[in-house]
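>>> Would you be able to build a 3D model of this:
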Amino acid sequence: MAGQLLSAVSDYVSIPESYVRPESQRPRLNEVIRGANIPTIDLASEDELQIIAQVADACRSFGFFQVVNHGVPLELMQKMMAVASEFFRLPPEEKAKHYSDDPAKKMRLSTSFNIKKETVRNWRDYLRLHCYPLEEFVPGWPSNPASFRQDFTPISLSLSI
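Numbers count the residues shown, from 1 in each chain. Next up, the predicted model:
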């Protein structure tokens, strides 16, 4: 099943049929509102009820939002992106060790949410990691690349944030 990962194939000549959505399910770009401002939620606000209301409104109106002043240091975010890039550049056989198509697994590499049930897959590979409480989940995280667990242990995160 790990052969279904998008990254397991080095060069696609065309899009595999399992990733092609019927026209009725594709985005209608002519309906996109151009110039719309993405809702921004400022977590530095002391008005917790206002933050909750803004999140609810953004979810209803847009389906997503941007968070600012969340307290996660830029250096930590950059480290996370670097480790993730390093993981996804591993050879397919190394990544395959973490592959699962079981949507209930707390740590898994997959290419779509539920391969067994979906008729059309999403064009992505992803690594799902449960993170709370860190002490419980970090031991099950990938050990390759070595920095994966090392940089994101509960001690390093608590010192960073």
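>>> Quick check: bridge partners of the residue sitting nearest the centre point of the chain?
In the chain, the residue lying closest to the centroid (Cα atoms, centre = their mean) is residue 126, at 6.2 Å. Residue 126 forms beta bridges with residue 110, as assigned by DSSP bridges.
>>> Identify the residues contacting it.
The contact partners of residue 126, taken as Cβ atoms under 8 Å, 6 or more residues apart in numbering, are 109, 110, 111. Bear in mind the C-beta positions are built from the backbone N, C-alpha and C, glycine included.
>>> Need the per-residue pLDDT for it.
On pLDDT, residue 126 comes in at 87.
>>> Against residue 35, how distant is it?
As for residue 126, its distance to residue 35 is 30 Å (criterion: Cβ to Cβ, to the nearest Å).
>>> Please name the nearest non-neighbouring residue to residue 130.
In this structure, residue 130 finds its nearest non-sequential neighbour in residue 106, 4.1 Å apart by Cβ to Cβ, 6 or more residues apart in numbering.
>>> and the gap between the one you found and residue 138?
12 Å.
>>> Same drill for these two, tell me which one is more crowded.
residue 138 (18 against 11; other Cβ atoms under 10 Å).
>>> How about the secondary structure of residue 94?
helix (DSSP: H, G, I helix; E, B strand; the rest coil).
>>> Can you list the helices and strands that the helix or strand harbouring residue 78 packs against?
Here residue 78, judged by DSSP states H and E, is contained in helix 74-88. Judged by 3 or more Cβ pairs under 8 Å, 6 or more residues apart in numbering; DSSP states H and E, helix 74-88 is in contact with strand 126-129, helix 147-150, helix 154-160.
>>> repeat that with 7 Å
helix 147-150 (3 or more Cβ pairs under 7 Å, 6 or more residues apart in numbering; DSSP states H and E).
>>> Report the buried residues of the helix it packs on.
Neighbour counts over helix 147-150 (16 or more other Cβ atoms under 10 Å) mark 148, 149 as buried.
>>> can you give me the offset of it from its chain's centre?
Between the centre of helix 147-150 and the centre of its chain there are 18 Å (Cα atoms, centre = their mean, to the nearest Å).
>>> pLDDT weak spots in this structure?
The model of the chain has pLDDT under 70 over residues 1-4, 6-10, 112-116, 151-161.
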